[in-house]
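S.K.: A predicted structure for the sequence below; I have some questions about it.
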Amino acid sequence: NNRYNPDFLQLRTGAVMILDDDLTIIDDTITCAHESWMANKSYVHSFGHGRMVLEDGYKTSVAKSNQTPGPPNFLLPRMIFDASFLDVYFEPGNADIRDYVDTQEAHCDDIAFASILTKHLGRPLMWVHAPHGSRVGNGKDGGVKWLNPKKHPEPIPRKAPIEGMTSLNNSHQKKDKGPLSRALSARMDARTECSIHIIRRLNWTMPVVDQYQCSYQSG
């Protein structure tokens with residue numbers, strides 16, 4: 001929870017930007033995210049991948065039964081939001097939720113923060129179509145997958161293969177699951193447990209996300 005703790009962060013800005021460590025950003029990433037925040041300061045904005053946090057569990061934005069895209073109501077934490085929202089998350093009434101995510105193995109502080117804030121604001125997360133690159137795979141299957149770039153950035157060298165690990169691109173398709181696949185499956189189970197706990201504790205399911213396109217993307 002430290003990344004949401006206003007006392008720990010000692011902020012001097014009106015906005016806060018929180019990013020995962022598995023992506024690549026460019027100038028347009030920050031410009032686009034900031035533009036979205038300036039236009040709609042009463043939202044929590046994110047350009048993270050869409051997920052579904054529901055009473056029956058935590059899911060990707062594709063329903064496995066028929067491969068039909070589902071409407072995301074949660075976004076992975078690549079966020080920008082008003083600094084005052086940190087105080088909402090750290091209100092004393094939310095202490096039990098913070099304690100839960102500090103000890104629960106899914107590290108689901110992102111789900112807790114988004115759930116508390118969307119309930120407090122009475123509005124969904126804002127999905128910003130900001131350009132960014134995500135690391136995918138290892139070795140010959142590895143590289144960076146770019147989303148929403150104004151112009152395709154210079155290629156980034158692929159990661160060297162990690163001994164004993166299968167590619168993230170195709171590990172979920174292998175019948176003989178390796179250690180990485182089993183770990184990912186266990187993490188999904190843990191985040192399902194967390195999602196259900198938070199929904200029941202707050203009596204709140206996040207609504208389907210709104211979306212924002214940056215000005216250069218509509219030109």
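M.R.: Noted; the coordinates are in hand. Model, not experiment: these values are computed from the prediction. Residues are numbered from 1 along each chain as shown.

S.K.: what about this structure, any weak spots by pLDDT?
M.R.: Residues of the chain meeting the criterion pLDDT under 70: 61-69, 137-142, 149-177, 180, 217-219.

S.K.: Tell me where it has helices.
M.R.: With DSSP state H as the criterion, the chain has helices at 6-9, 27-39, 85-89, 95-103, 109-121, 179-202.

S.K.: between those, which gets nearest to F74?
M.R.: helix 109-121 (5.8 Å; Cβ to Cβ). Every residue, glycine included, has its C-beta placed from N, CA and C.

S.K.: Which strands and helices lie in contact with that closest one?
M.R.: strand 50-54, strand 74-75, helix 85-89, helix 95-103, helix 179-202 (3 or more Cβ pairs under 8 Å, 6 or more residues apart in numbering; DSSP states H and E).

S.K.: Comparing the helices of the chain, which comes out most buried?
M.R.: Ranked by mean neighbour count under mean count of other Cβ atoms under 10 Å, the helices of the chain are led by helix 109-121, which reaches a mean of 22.

S.K.: what is the orientation angle of it with helix 95-103?
M.R.: 160 degrees (axes from the mean of the first three to the mean of the last three Cα atoms, to 10 degrees).

S.K.: quick one: the most centrally placed residue in the chain and N148, what's the gap?
M.R.: Using Cα atoms, centre = their mean, the residue of the chain that lies closest to the mean C-alpha position is L76, 0.6 Å off. Separation of L76 from N148 (Cβ to Cβ, to the nearest Å) stands at 15 Å.
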